[in-house]
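Chemist: Structure of the sequence below:
(one chain, ligands or ions: 1)
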Amino acid sequence: MSSESKNPRVVPVAPAPENPRQIKRASGFVEDAYSRIREDIMSLKIPPNTRISVDSMAREFGISQTPIREALSMLEANGLVTKQRFIGYCTAPTLNRKQFEELFEIRLLLEPYAARCAAERMSDKALIDLCGLALEMNPDQAAQSRTLYDQFADQDAEFHEQIARGSNNNLIVESLSRLHIHLHIFRLRFHREVTNEAVAEHTLVTKALQQRDPDQAEAAMRAHLEKSYQRLVKFTRE
Ligand SMILES: [Zn+2]
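Modeler: Numbering: from 1, shown residues only. The predicted model follows:
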């Protein structure tokens, strides 16, 4: 029993709300700013290679410049924004052909192998979560708006990350996450065919994982990446 409850004069009170609330609000500003600017960049509302004015963003969102700057540096870490001397923050250019090819080259090296390992090493619980995620991905919804498409991109990123984690090799997980693949490829294209086909291909991957079949899992992931490459390569800059 605590000493407070023995003393009738001490009434337990909730912790003072002011300070924690302020911190939370400030970080909420950063998160809001981050997701709104990210959405504007992903939807090409702010086109690639375009200067972002911190001042006008702050006025548009009705907040101070500090959370905007913080959000922009988070976006810089994701590769969606670059900081240039004398100019300030700019949206990154979309991938050119060479960058796109490099990205898929490394994906094709790592992800089919990760799927192979995941077929053998992924826990049943992780596999159930993965299948749940795959079922949640709705291509019809994704075609309705840019925001839902953006959500689809996040879910696709999560799908691939969970399989990487299923490989039980942290270096594979880290290497892939550092590439920020999904932010870059989903900026290339907003179209129904991308999402419809991807969902069907994901099903083949999850099926092979459920059957604990390493060969099939590797082949299904390779096929998914090769088809993604074909769907998207035409939208890259020469
Ligand atoms: Zn995918």
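Chemist: Quickly list the domain ranges of the chain.
Modeler: For the chain, the domain assignment from automatic domain parsing gives the residue ranges 16-91, 97-235.
Chemist: So what would you say the end-to-end distance of the longest one is?
Modeler: To tie it back to what came earlier, the one meant is domain 97-235. In domain 97-235, first residue to last residue: 9 Å (Cα to Cα, to the nearest Å).
Chemist: what pLDDT, on average, does that domain get?
Modeler: Here domain 97-235 scores 90 as its mean pLDDT.
Chemist: Check the offset of it from the chain's centre.
Modeler: Centroid separation between domain 97-235 and its chain, computed with Cα atoms, centre = their mean, to the nearest Å, is 12 Å.
Chemist: try the first one
Modeler: With Cα atoms, centre = their mean as the basis, the distance from the averaged C-alpha position of domain 16-91 to the chain average is 17 Å.
Chemist: hang on, the earlier thing: of all the domains of the chain, which one is nearest the ion?
Modeler: With distances scored as Cβ to the ion, the stretch of those nearest to the ion is domain 97-235 (4.5 Å). Heads up, the C-betas are built off the backbone N, CA and C, glycines and all.
Chemist: tell me the contacts of the residue sitting nearest the centre point of the chain?
Modeler: The centre of the chain sits closest to Asp154, judged by Cα atoms, centre = their mean, with a distance of 4.3 Å. Taking Cβ atoms under 8 Å, 6 or more residues apart in numbering, we find Asp154 in contact with His182.
Chemist: How about Leu133?
Modeler: So Leu133 contacts 155, 158-159, 162 (Cβ under 8 Å, 6+ apart).
Chemist: Of those residues - the most surrounded one?
Modeler: Highest neighbour count within these, by other Cβ atoms under 10 Å: Phe159, with 22 neighbours.
Chemist: Roughly how far does that residue sit from Asp140?
Modeler: As judged by Cβ to Cβ, to the nearest Å, Phe159 and Asp140 stand 17 Å apart.
Chemist: out of the domains of the chain, deepest packed?
Modeler: Sort the domains of the chain by mean neighbour count, taking mean count of other Cβ atoms under 10 Å, and domain 97-235 sits at the top with a mean of 18.
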